[in-house]
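Asker: Sequence plus predicted model, see below.
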Amino acid sequence: MNKLIFALLLALAPMLGLAAGGGAHLDDAGIDLGDQASLQRGAKYFMNYCLSCHSAKFQRYNRMGKDLGLTDEEVINSLMFTTDKIGDTMNIAMTEAKATEWFGSPPPDLSVISRARGVDWIYTYLRSFYLDDKRPFGVNNIVFPDVAMPHVLWELQGAQKAVFKLEKGSSGKDVEVFDHFEPVTQGTLSAEEYDQVARDLTAFLSYIGEPIQMERKRLGVWVLLFIAVFFVLAYMLKKEYWKDIH
């Protein structure tokens with residue numbers, strides 16, 4: 001038994017290390033994948049601000065339109081700005097060589113970023129850019145320190161600066177810890193409106209990470225009901241088979 005407990009502790013050690021690793025506080029995204037209007041707005045923001053650099057190569061335009069309640073014509077006229085066909089996947093024209101030359105590394109494909117990072121991470125990340133003249137594009141990010149990309153939504157959010165405070169670290173030395181943001185320039189949207197933009201975009205990225213997830217959840221309810229009914233029938237059958245023995 002002791003050996004088994006020891007083996008379990010060894011297996012859990014990496015997860016315990018990650019849990020203790022700290023990092024930026026993540027805000028609750030509060031997305032609703034059943035809100036088609038939010039998903040449609042998120043698709044618009046993604047096409048306008050993200051797709052020029054970030055691909056979503058596992059998502060097709062026509063599949064997206066069908067799931068979001070849009071016709072092929074609406075997708076073509078409102079969400080497609082390239083020569084792609086409606087059945088194509090969401091790729092970009094920028095090559096990896098050019099991306100590396102311009103940004104230092106190719107921007108990642110965002111098809112499954114929500115599954116890799118989580119929706120709270122994405123939502124907080126989109127709201128956590130701040131001015132930093134030491135970075136190539138003049139901005140940094142609390143959630144993703146030394147991020148290589150510019151703040152493409154800066155016109156909507158405006159510019160903000162990060163305010164840090166000194167706290168005692170584990171070594172006993174003072175370390176800088178993020179405290180809060182302060183606005184520097186006003187964007188075209190209010191803070192509440194920009195938060196909704198970040199929420200809509202996060203919802204869309206969550207959708208393309210697993211387009212079938214809402215159907216999977218609906219089907220899951222019926223599966224659980226079937227299992228419950230089957231359990232009752234199986235139990236009654238078991239009692240009937242074993243009644244002479246018991």
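Answerer: Okay, I see it.
Asker: Show me the shaky parts of the chain.
Answerer: Scanning the chain for pLDDT under 70 picks out 1-23, 83, 246.
Asker: Please enumerate the strands of it.
Answerer: For the chain, the strands defined by DSSP state E cover 56-60, 89-90, 129-131, 139-141, 158-168, 174-186.
Asker: so which of those strands comes closest to Lys217?
Answerer: strand 56-60 (19.3 Å; Cβ to Cβ). No exception for glycine: its C-beta is placed from N, CA and C like everyone else's.
Asker: How about the contacts made by the residue lying closest to Asp88 once chain neighbours are set aside?
Answerer: In this structure, Asp88 finds its nearest non-sequential neighbour in Tyr61, 6.3 Å apart by Cβ to Cβ, 6 or more residues apart in numbering. Taking Cβ atoms under 8 Å, 6 or more residues apart in numbering as the contact definition, Tyr61 lies against 75, 79-80, 84-90.
Asker: quick one on the thing from earlier: as a markdown table, the strands of the chain with distance to His151 would be great.
Answerer: Putting the strands of the chain into a markdown table (distance: least, Cβ to Cβ, whole Å) gives the following:
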| stretch | distance to His151 |
| --- | --- |
| strand 56-60 | 20 |
| strand 89-90 | 22 |
| strand 129-131 | 4 |
| strand 139-141 | 5 |
| strand 158-168 | 8 |
| strand 174-186 | 12 |
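Asker: Mean neighbour count and distance to Glu240 for the ones you listed - can I get that in CSV?
Answerer: Converted to CSV, the strands of the chain look like this (neighbours: other Cβ atoms under 10 Å; distance: least, Cβ to Cβ, whole Å):
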stretch, mean neighbour count, distance to Glu240
strand 56-60, 19, 50
strand 89-90, 20, 55
strand 129-131, 21, 66
strand 139-141, 19, 64
strand 158-168, 14, 68
strand 174-186, 12, 65
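Asker: Nothing else from me, thank you.
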